[in-house]
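coords please:
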Amino acid sequence: MSSTLTTSSTLLSQRDLRFLLEEWLEIGSLTERCRYTDQSLEEYRDILRLAEQLAAVKFAPHNREADRVEPQLKAGSVVLLEEVKQALDAFAEAGFLGATLAHTVGGMQLPVVVGSASFAWFCAANVGTANYAFLTMTAARMLIRHGSPEQVERWVRPMVEGRYLGTMCLSEPQAGSSLADILTRAEPQADGSYRLVGTKMWISGGDHELSENIVHLVLAKIPGGPAGVKGISLFIVPRLLVDDAGQPLRRNDVVLSGVNHKMGQRGTVNTVLNFGEGVHSAGPKRGAVGYLIGLPHRGLAYMFDMMNEARILTGLAAAALGYTAYLKACRYARERPQGRPLGVRAPIRGQVPIIKHADVKRMLLAQKSFVEGSLALVLYCARLADDAESDESAEARSRAKLLLDLLTPIAKSWPSLWCLEANSLAIQVHGGYGYSRDYDVEQHYRDNRLNLIHEGTHGIQALDLLGRKAPMNEGAAASALFEEVDRTVREGRALGGQMAAFADMLGAYVSRLREVTAILNAERDRALALANATIYLEVCGHLVVAWLWLQQFILAADREGVFYAGKRQAARYFFRYELPRIGPQLDLLAALDRTTLEMEADWF
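Residues are numbered from 1 along each chain as shown. Below is the predicted model of the structure:
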């Protein structure tokens, strides 16, 4: 594969990634840590170049075809495009499935921030194919953290090699996101294994022929355990049972009973799975063979460890889908002639590219502020994950973990909401062509719409932020975030001029958010306090992204060139057009408005 970089990619911006990773997050300094001393900044650059090339050559070419030719169920098996397997095999061969995993399990042991930036290329190129890798990477990391050494050896190593792919099986037809109501049960066996019986719904990657085996991570309840979520355990339930040497024995009693058809991300098969129908059971025993991960009744905590990583990756996918649509809208706007400058009559002067028109510039600038802000947010969280794992200071590790916990629902939801808006604007820039299939942007919108639901809906993230994360440890995480923002505000004020004005604006909103957070936390009626949690999430997201834009503005303030000029203008746009949105929202939150809470069901 050629080492020559393209200079006009419409997947992501190489220049922006270089700015975010090297100039802002200073990933070169990570090589001074014990975990990464054998690595170098040049090696990180090579890996990112490889990711871009592999995404462009193996993932992007079949993106449209995988959307058009959905997964099909034939003779009990899922049929996918052959190019999907070829892309995943190339991804695994290049080492990306184990990019951030330790050398001891066959991984490259890269920093999470480098692995995340690399994976963004694949999400931008073809999120439907990238999802199979997404699920496998998060499943492998969870098993490393909570599985036994034997489980890591038997299941994780083949996942890193790409021979096995992974899933997460949480939802059920009658339960959805209400995991306390799951009915799948796990009966203990004399040999230490379990037999699982139940049905799981919305399982991405739940059945296919892309790999030798599929490792399902399944939530179930052991009879006699505590009620509700406290009684949930987590199990490895492979599609194929294997012997001690890893050789396949027989099909486990996991039955594909249906394929769900989605508006977007169609290249990722989404399934209904039945466990324990007796179709593949050995002898009279009913149930799919499963192996307990960790301790009984601790499954939800283990699964949420995986889910939190998946939530940040969902935000990354949303940012990537918004970013590629933005770049394609920019290209279209430069190439599409239409209209003339105000005051110029048609016969006198030819048409101009639509990028010259003020309203088109407004739409492109809004997209730029959303997608570059989103990418900054998820990469900042990835850097926090590195600090929480590898910083040599215990205090720094603890603080990074606090911030990461607090920012996770924001990192999942803000890009999912506002990069979807960026996708909508990309369609608008294209005009009538935007909603036709002549251009990619209509697919990007459909693909991105799923991310508001994936890994916990927007409303669930809001409840997590306001109900759990903001008040946890007596508000320690929120206080840590406010301190970080205050530090940037002081830096901006010291620079004077426009920078100081934006810093003052951000500082005022931070103070107001502190007051509102205290009001909501003090409210004894929790239903009332949480009634407008979604608005709280959106306020926090806008404020956090404004903070990150101020950091970028400060960094770009005295640097020359069109790239830095674009950064400064996007920051100006966000502060002037977007950040002021949160003022009325903060007033509404402070008023503890009861409008939605008091709406009766039969009034609709």
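
counting neighbours, what do you get for A533?
Using other CB atoms under 10 Å, the number of residues around A533 comes to 22. Using the backbone N, CA and C atoms, a C-beta is placed for each residue, glycine as well.

not counting sequence-adjacent ones, nearest residue to it?
A462 (3.9 Å; CB to CB, 6 or more residues apart in numbering).

same deal with G231?
Nearest one to G231, counting by CB to CB, 6+ apart, is G225 at 3.6 Å.

got the contact list for that neighbour?
With contact taken as CB atoms under 8 Å, 6 or more residues apart in numbering, G225 is in contact with 231, 233, 296-297.

quick one: buried ones out of the residues you listed?
Buried residues within the contacts of G225, counting neighbours by 16 or more other CB atoms under 10 Å: 231, 233, 296-297.

identify those among those residues that sit within strands.
S233 (DSSP state E).

of the buried ones among the contacts of G225, closest to E93?
Within those, distances to E93 taken as CB to CB reach their minimum at S233, with 35.1 Å.

I'd guessed the closest one sits against L292; true?
Yes: taking CB atoms under 8 Å as the definition, S233 is a contact partner of L292 at 6.2 Å.

shared neighbours, the two?
In contact with both S233 and L292: A186, using CB under 8 Å, 6+ apart.

assumed L407 was part of a helix.
Yes: applying DSSP: H, G, I helix; E, B strand; the rest coil, one finds L407 inside a helix.

which secondary element of this structure has the worst mean pLDDT?
In the chain, no helix or strand scores lower on mean pLDDT, DSSP states H and E than strand 72-74, which sits at a mean of 90.

in the longest strand seen in the chain, what's buried?
Taking DSSP E as the criterion, the chain has its longest strand at strand 194-204. Neighbour counts over strand 194-204 (16+ other CB under 10 Å) mark 194-204 as buried.

identify the farthest-apart pair in the residues you listed.
R195 and S204 (24.7 Å).

which strand or helix spans the residue nearest the centre of the chain?
Centroid-nearest residue in the chain, with CA atoms, centre = their mean: T314, separated by 1.7 Å. Applying DSSP states H and E as the criterion places T314 in helix 299-335.

next helix or strand past that helix?
helix 358-390.

now do the domain split for the protein, please.
Residue ranges for the domains of the chain, per automatic domain parsing: 14-160, 165-297, 457-604.

for the shortest one, give the mean pLDDT please.
The pLDDT scores in domain 165-297 average 93.

so what would you say the end-to-end distance of that domain is?
In terms of CA to CA, to the nearest Å, the two terminal residues of domain 165-297 are separated by 25 Å.

sorry, back to before: closest one of the buried residues of strand 194-204 to S178?
For the buried residues of strand 194-204, the nearest to S178 is M201 (12.4 Å; CB to CB).

pretty sure that closest one contacts S171?
Yes: at 5.0 Å, M201 and S171 qualify as touching, with contact defined as CB under 8 Å.

returning to what we had before: check which helices and strands the host helix or strand of the residue nearest to A533 sits against.
Using DSSP H and E, A462 sits within helix 458-464. Contact here means 3 or more CB pairs under 8 Å, 6 or more residues apart in numbering; DSSP states H and E; on that basis helix 458-464 packs against helix 394-430, helix 533-556.

show residues contacting it.
Contacts of helix 458-464 (CB under 8 Å, 6+ apart): 177, 311, 409-410, 412-413, 416-417, 452, 456, 530, 533-534, 536-537.

now do stretch 238-251
For stretch 238-251, using CB under 8 Å, 6+ apart, the contacting residues are 154-155, 158, 164, 207, 212-216, 252, 254, 280, 282, 289.

and if we set it to 10 Å?
150, 153-155, 157-158, 163-165, 167, 193, 206-208, 211-216, 252-254, 256, 273, 279-282, 288-291 (CB atoms under 10 Å, 6 or more residues apart in numbering).

show the buried residues in those.
154-155, 157-158, 164-165, 167, 193, 206-208, 211-216, 252-254, 256, 273, 280-281, 288-291.

just those: which are in helices?
Counting by DSSP state H, those place 157-158 in helices.

in strands, which of the buried ones among the contacts of stretch 238-251 appear?
Per DSSP E, the subset of these in strands is 164-165, 167, 213-216, 254, 256, 273, 288-291.

determine which two of those residues are furthest apart.
L256 and Y291 (21.0 Å).

list the buried residues for the helix holding A462?
458, 460-464.

do the same with stretch 52-60
Quick answer for stretch 52-60 (16+ other CB under 10 Å): 52-56, 58-60.

would you agree Q151 is in contact with A139?
No: at 11.5 Å, Q151 does not count as touching A139 under the criterion of CB atoms under 10 Å.

what do those two both touch?
In contact with both Q151 and A139: 215, 236, using CB under 10 Å, 6+ apart.

looking at these two, which has the bigger crowd around it?
The residue with more neighbours, out of Q151 and A139, is A139; 26 against 18, by other CB under 10 Å.

which residues does the more buried one contact?
Going by CB under 10 Å, 6+ apart, the list of residues near A139 reads 155-156, 159, 164-168, 205, 215-217, 236, 306, 309-310.

which SSE is it in?
helix 112-146.

mind listing what's buried along that helix?
Buried residues in helix 112-146 (16+ other CB under 10 Å): 112-144, 146.

ok, stretch 216-223 next?
So stretch 216-223, judged by 16+ other CB under 10 Å, has buried residues 216-222.
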